[in-house]
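*Asks:* build me a structure from this.
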Amino acid sequence: MSPRIFGRPIRLHGRTVGLREFTAADLEPMHAIVGDHAVTNWLSFDARDLKQTAAGLTGIRERARQRPRQEYYLAVTPRGEDAVMASPGSDSTVSTPQSSATPSGPTSGAGVTPPTPPTP
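*Replies:* This next block holds a predicted model:
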């Protein structure tokens, strides 16, 4: 069952990206992001294994069905495509929401270049 708002799943389209509800099929691409040490090195949590990612994705989908809905975790996709390329909404995407965004990157988890921190 898809989470719905006003009777329909959330799906937003921009010029270059789209936002949509997470599905069970997003497990592998989500894990490629939150399981990548190069990505999570810059976040407030360590890389997640597949089991942890699955539990987080299940939680996201369950909370999306709660009424009233309190959280909106949406998958970022390239415009016109359905493949997840990022998941905004928290600095701990698969646990408790805390901040505003996570890095976007390829679904393979490779090639994500985090910003270089300023030199003191």
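*Asks:* thought Leu19 was touching Tyr73?
*Replies:* No: contact criterion CB atoms under 8 Å: Leu19 and Tyr73 do not qualify, at 10.0 Å. For the C-beta atoms, the positions are set from N, CA and C on the backbone; glycine is no exception.
*Asks:* more neighbours: which of these two?
*Replies:* Tyr73 (22 against 18; other CB atoms under 10 Å).
*Asks:* looking at that one now. What's its pLDDT?
*Replies:* Here the pLDDT value assigned to Tyr73 is 90.
*Asks:* low-confidence regions, the protein specifically.
*Replies:* Along the chain, the parts satisfying pLDDT under 70 run over 1-8, 86-120.
*Asks:* and Pro29, helix, strand or coil?
*Replies:* With DSSP: H, G, I helix; E, B strand; the rest coil as the basis, Pro29 sits in helix.
*Asks:* ok, Leu19 next?
*Replies:* Secondary structure assignment for Leu19 (three-state DSSP): strand.
*Asks:* who does it form a beta bridge with?
*Replies:* Listed beta-bridge partners, Leu19: Leu12, Val76 (assigned using DSSP bridges).
*Asks:* next, the contact list for it, please.
*Replies:* 10-12, 74-77 (CB atoms under 8 Å, 6 or more residues apart in numbering).
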